[in-house]
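Peer 1: Got a predicted structure here, sequence first:
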Amino acid sequence: MLAYLLENTTLSLRPGDTLGQQEKIGIPFKKDNPKFSKVIVNIIDQLKSDRTLPNISRKWFKVDVTQSLK
């Protein structure tokens with residue numbers, strides 16, 4: 001996110017600055033639909049394994065936001 005903001009905002013930011021905390025996100029859906037849950041998990045796993053998800057992240061944020069902060 002910082003890389004994106006560095007290029008697209010007038011905020012006084014520098015590389016290496018910290019912005020908030022890491023947050024987990026979720027996709028809400030009804031509990032009584034395990035098939036849907038399985039499909040979503042499988043799609044996300046496939047996007048990660050074929051590098052599509054990290055590539056999308058780099059395109060929009062200039063960094064791989066799918067990896068944990070270190």
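Peer 2: In hand now; what should we look at?
Peer 1: for the chain, what spans make up the helices?
Peer 2: Taking DSSP state H as the criterion, the chain contains helices spanning 2-8, 34-49, 52-61.
Peer 1: I'd say residue 27 and residue 40 touch.
Peer 2: Yes: using Cβ atoms under 8 Å, residue 27 is in contact with residue 40, at 6.0 Å. Yep, even glycine has a C-beta here, placed from its N, CA and C like the rest.
Peer 1: If you count surrounding residues, which of the two has more?
Peer 2: Legend: neighbour count by other Cβ atoms under 10 Å for residue 27 and residue 40, higher for residue 40 (13 against 9).
Peer 1: Next one: the more buried one from residue 51, what distance?
Peer 2: Applying Cβ to Cβ, to the nearest Å, the value for residue 40 to residue 51 is 19 Å.
Peer 1: just residue 59 next, same as before
Peer 2: Taking Cβ to Cβ, one finds residue 59 at 12 Å from residue 51.
Peer 1: between these two, who's got more neighbours?
Peer 2: A direct count of neighbours by other Cβ under 10 Å for residue 59 and residue 51 places residue 51 higher, at 11 against 8.
Peer 1: What does that one show for phi and psi?
Peer 2: Dihedral pair for residue 51: phi 70, psi 10, per degrees, to the nearest 10.
Peer 1: Let's see the pLDDT reported for it.
Peer 2: Residue 51 is assigned a predicted lDDT (pLDDT) of 94.
Peer 1: again with residue 34
Peer 2: pLDDT, residue 34: 88.
Peer 1: which regions of this protein lie under the pLDDT threshold?
Peer 2: 1-3, 6, 14-20, 22, 68-70 (pLDDT under 70).
Peer 1: okay, stretch 38-55 in CSV with CA atoms only?
Peer 2: Only the C-alpha atoms of stretch 38-55 are listed here, as CSV (Å, rounded to 0.1, in the frame of the first residue of the first chain):
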residue,chain,number,x,y,z
LYS,A,38,-14.6,-24.8,-1.1
VAL,A,39,-14.8,-23.1,-4.5
ILE,A,40,-13.6,-19.8,-3.1
VAL,A,41,-10.7,-21.4,-1.2
ASN,A,42,-9.7,-23.4,-4.3
ILE,A,43,-9.8,-20.3,-6.6
ILE,A,44,-7.6,-18.3,-4.2
ASP,A,45,-5.2,-21.2,-3.8
GLN,A,46,-4.9,-21.5,-7.6
LEU,A,47,-4.4,-17.7,-8.0
LYS,A,48,-1.6,-17.9,-5.5
SER,A,49,0.1,-21.0,-6.9
ASP,A,50,0.1,-19.8,-10.5
ARG,A,51,1.4,-16.4,-9.3
THR,A,52,-1.6,-14.5,-10.7
LEU,A,53,-2.5,-13.0,-7.3
PRO,A,54,0.9,-11.7,-6.5
ASN,A,55,1.2,-10.3,-10.0
